[in-house]
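In: requesting a structural model of the entry that follows:
(one chain, ligands or ions: 1)
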Amino acid sequence: MIYDHDTIVASATASGGAIAVIRFSGEKALECCDRIFRAHSGQTLARSEGYRLHYGRILDGERVVDDVLVSVFRAPHSYTGEDSAEISCHGSSYIVGEILRLAMAAGARMAEPGEFTIRAYMAGKLDLSQAEAVADLIASSSRAAHTLASTQMRGGYSAKLDTLREKLLGLTSLLELELDFSEEDVEFADRGELARTIDGIEDEILSLRRSFALGNAIKEGVPVAIVGEPNAGKSTLLNRLLDEDRAMVSDIAGTTRDVIEEQANIGGVLFRFLDTAGIRETHDRLEQMGIERTMKSIERARIVIRMIDPCQKEEGMAELKIREDQTLLTVINKIDLCPDCTIPEGALAISARSGEGVERLKEALRDSVDTSALYHGDVVVSHSRHYEALGEALEALHDARRGLEEALPTDLLSEDIRRVIHHVGAITGKGEILSDEVLGHIFSKFCIGK
Ligand code: GDP
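Out: Modelled structure (predicted):
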């Protein structure tokens with residue numbers, strides 16, 4: 001994990017676009033750019049004010065590499081908090097390569113993945129949970145994932161954690177005040193009051209932990225299992241939902257082999273279809289394995305779509321039991337073949353082949369995920385690192401609660417509360433010294449140039 005004051009450079013855009021952006025950050029960012037850039041105005045970047053755009057050329061000696069625009073940001077008003085420049089050039093990988101080569105010859109060093117964001121964090125521009133949200137925002141592929149990431153990036157989550165931390169600090173300072181006066185054997189902190197505060201904090205942590213089920217599903221895709229007898233029409237439906245024909249459909253079951261999971265963005269939420277290869281398992285071949293796999297995907301799913309072909313006699317799976325946190329959608333397929341068949345209450349009638357009723361199924365899928373919390377600005381936890389830290393905080397809080405009941409000495413109680421503060425603080429990195437290993441793990445997931 002690097003953190004130094006070198007001037008760093010990297011391409012911030014993926015190859016293949018019409019324009020590419022190359023970013024510089026560090027004390028010498030502007031001087032470094034000046035060595036390879038000549039503005040048509042004749043002005044140097046080193047003398048430029050911030051938030052200015054300069055038109056000119058990138059030169060390799062006297063050879064013109066490209067006509068470019070350079071934006072200048074002055075410390076501390078930049079993403080990293082340092083002097084920064086961004087060259088917008090033509091998006092050829094040759095040009096980008098040449099500019100990077102020239103930049104390095106001019107004294108910059110190639111940035112590591114996430115290094116710009118590490119600097120933003122070190123400069124106090126973002127806390128850790130906000131920095132992680134930057135990566136989520138870049139990766140977001142649905143409206144819900146975007147809302148989740150942008151709320152977190154703008155600091156909604158940080159504010160909630162700060163309030164929690166303040167409450168905990170209030171608790172310890174009371175306890176520590178008592179310690180200062182321990183000779184006099186006084187209790188500043190009313191034990192009943194302390195217990196109530198701890199219970200209140202526990203409720204808040206529990207509700208944050210509970211929100212992870214939604215946050216994680218939004219970020220990774222809501223897991224859906226499509227189950228039913230062979231030939232019920234699972235592949236046909238999957239293809240419809242994906243709006244493309246990647247999974248092969250045929251009367252010979254067992255043809256979809258290579259694709260394990262497919263994703264579809266339905267109504268602003270990403271859905272992940274589990275074990276799409278397993279959907280194709282037949283009865284005669286691999287029967288046992290097929291059932292086992294189906295059971296596994298049912299276990300992992302948040303939504304189970306159970307497909308029934310009314311023309312076929314139902315065997316197994318008549319009793320499909322699901323957990324409380326799961327939604328079962330019963331779908332009667334092939335209604336084009338038997339338009340008069342009775343539809344059990346609560347079931348949806350569709351024709352996966354013609355598409356009839358599929359819109360209603362999509363609505364039902366979308367309605368099974370309650371995202372209202374997201375749009376009401378509630379805090380939703382979406383990182384397992386945060387979920388785990390909250391778990392540790394909860395454990396320490398329980399120790400404190402138990403200590404209180406058992407009338408443990410004040411210093412031990414205070415120690416437990418400090419542990420809670422430590423774990424809550426680790427989420428944002430505020431007031432906590434985090435190891436290089438933790439930071440390295442977080443930032444290594446970033447792309448280069450961010
Ligand atoms: P799976 O084994 O459950 O994945 O079933 P498939 O999707 O492979 O479908 C089995 C057969 O039923 C194929 O020939 C499909 O074309 C056909 N099929 C699927 N859905 C419908 C439907 O809604 N109406 C009709 N008529 N045929 C369907």
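
In: can you give me the helices for the stretch 101-250 of the chain?
Out: Taking DSSP state H, counting those that start in this stretch as the test, the helices found in the stretch 101-250 of the chain are 115-122, 128-139, 143-153, 156-180, 191-220, 234-242.

In: export those to a markdown table and tack on mean pLDDT, mean neighbour count and distance to the ligand?
Out: (Each C-beta comes from the backbone N, C-alpha and C, glycine too.) A markdown table is the format used below for the helices of the stretch 101-250 of the chain (pLDDT from 0 to 100; neighbours: other CB atoms under 10 Å; distance: least, CB to the nearest ligand atom, whole Å):
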| stretch | mean pLDDT | mean neighbour count | distance to the ligand |
| --- | --- | --- | --- |
| helix 115-122 | 93 | 23 | 44 |
| helix 128-139 | 91 | 21 | 31 |
| helix 143-153 | 92 | 21 | 28 |
| helix 156-180 | 87 | 17 | 41 |
| helix 191-220 | 92 | 17 | 25 |
| helix 234-242 | 89 | 22 | 3 |
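
In: and stretch 382-394, how far out from the chain's middle?
Out: Taking CA atoms, centre = their mean, to the nearest Å, the mean C-alpha location of stretch 382-394 is offset from the chain mean by 14 Å.

In: residues in contact with it?
Out: If you take CB atoms under 8 Å, 6 or more residues apart in numbering as the criterion, stretch 382-394 is touched by 129, 132, 136, 148-149, 152, 202, 205-206, 208-209, 212, 215-216, 218-219, 381, 419-420, 423-424, 426-427, 442.

In: quick one: the strands in this protein?
Out: For the chain, the strands defined by DSSP state E occupy 8-11, 19-25, 37-39, 52-60, 63-73, 84-90, 109-110, 222-228, 262-266, 269-273, 303-308, 327-332, 348-349.

In: make TSV out of the helices of the stretch 101-250 of the chain and add distance to residue 390.
Out: TSV is the format used below for the helices of the stretch 101-250 of the chain (distance: least, CB to CB, whole Å):
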stretch	distance to residue 390
helix 115-122	21
helix 128-139	12
helix 143-153	15
helix 156-180	10
helix 191-220	5
helix 234-242	34
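
In: who does the residue nearest to residue 364 when sequence neighbours are not counted form a beta bridge with?
Out: Nearest residue to residue 364, sequence neighbours excluded (CB to CB, 6 or more residues apart in numbering): residue 329, at 5.5 Å. Beta-bridge partners for residue 329, by DSSP bridges, are residue 305.

In: how close does residue 329 sit to residue 343?
Out: Distance of residue 329 to residue 343, computed by CB to CB, to the nearest Å: 13 Å.

In: and residue 214, how far from residue 269?
Out: 10 Å.

In: which neighbours do these two have in common?
Out: With CB under 8 Å, 6+ apart, residue 214 and residue 269 have common neighbours 369, 371.

In: mind exporting stretch 380-391 as PDB, just the C-alpha atoms?
Out: The C-alpha atoms that make up stretch 380-391 are tabulated as PDB, following Å, rounded to 0.1, in the frame of the first residue of the first chain:
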ATOM      1  CA  VAL A 380     -28.700   0.900   3.800                       C
ATOM      2  CA  VAL A 381     -25.500  -1.200   4.500                       C
ATOM      3  CA  SER A 382     -24.200  -2.800   1.300                       C
ATOM      4  CA  HIS A 383     -20.600  -3.800   2.100                       C
ATOM      5  CA  SER A 384     -19.800  -7.100   3.900                       C
ATOM      6  CA  ARG A 385     -16.800  -5.300   5.600                       C
ATOM      7  CA  HIS A 386     -19.300  -2.900   7.200                       C
ATOM      8  CA  TYR A 387     -21.700  -5.700   8.000                       C
ATOM      9  CA  GLU A 388     -18.900  -7.600   9.800                       C
ATOM     10  CA  ALA A 389     -17.700  -4.500  11.700                       C
ATOM     11  CA  LEU A 390     -21.300  -3.900  12.900                       C
ATOM     12  CA  GLY A 391     -21.400  -7.500  14.100                       C
END
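
In: buried sites along that stretch?
Out: 380, 381, 382, 383, 385, 386, 387, 389, 390 (16 or more other CB atoms under 10 Å).

In: low-confidence regions, this structure specifically.
Out: Within the chain, the ranges that satisfy pLDDT under 70 run 1-2, 182-188, 244-260, 276-290, 313-319.

In: now with 50?
Out: 245-259, 280-286, 316-317 (pLDDT under 50).

In: where along the stretch 301-450 of the chain do the helices fall?
Out: 358-367, 372-375, 384-405, 410-428, 436-443.

In: contact partners of the fourth one?
Out: For helix 410-428, the external contacting residues (CB under 8 Å, 6+ apart) are 127-130, 158, 161-162, 164-165, 168-169, 171-172, 175-176, 178-179, 182, 201, 205, 385-386, 389-390, 392-393, 396-397, 399-400, 403-404, 431-432, 434, 438.

In: let's see 7 Å
Out: For helix 410-428, the external contacting residues (CB atoms under 7 Å, 6 or more residues apart in numbering) are 127-129, 158, 161, 164-165, 168-169, 171-172, 175-176, 178-179, 386, 389, 392-393, 396-397, 399-400, 403-404, 431-432, 434.

In: so residue 397 touches residue 200, yeah?
Out: No: the pair residue 397 / residue 200 is not scored as a contact, 10.7 Å apart, by CB atoms under 7 Å.

In: for residue 324, give me its contacts.
Out: So residue 324 contacts nothing (CB under 7 Å, 6+ apart).

In: run the chain-centre distance for stretch 233-241.
Out: Centroid separation for stretch 233-241 versus its chain: 28 Å, with CA atoms, centre = their mean.

In: find the nearest non-adjacent residue to residue 220, please.
Out: Once flanking residues are discounted, residue 220 sits nearest to residue 272: 6.8 Å by CB to CB, 6+ apart.

In: now do the same contact list for that neighbour.
Out: 220, 221, 222, 223, 224, 261, 263.

In: mind doing that once more with 6 Å?
Out: If you count contacts by CB atoms under 6 Å, 6 or more residues apart in numbering, residue 272 has them with 221, 223, 261, 263.

In: who wins on neighbours among these?
Out: residue 221 (23 neighbours; other CB atoms under 10 Å).

In: was I right to think it contacts residue 270?
Out: Yes: assessed by CB atoms under 6 Å, residue 221 is found in contact with residue 270 at 4.2 Å.

In: between those two, which contacts overlap?
Out: Common neighbours of residue 221 and residue 270 (CB under 6 Å, 6+ apart) are residue 263.

In: sorry, back to before: among the contacts of residue 272, list the two that are farthest apart in space.
Out: 223 and 263 (10.4 Å; CB to CB).

In: good, we can wrap up now.
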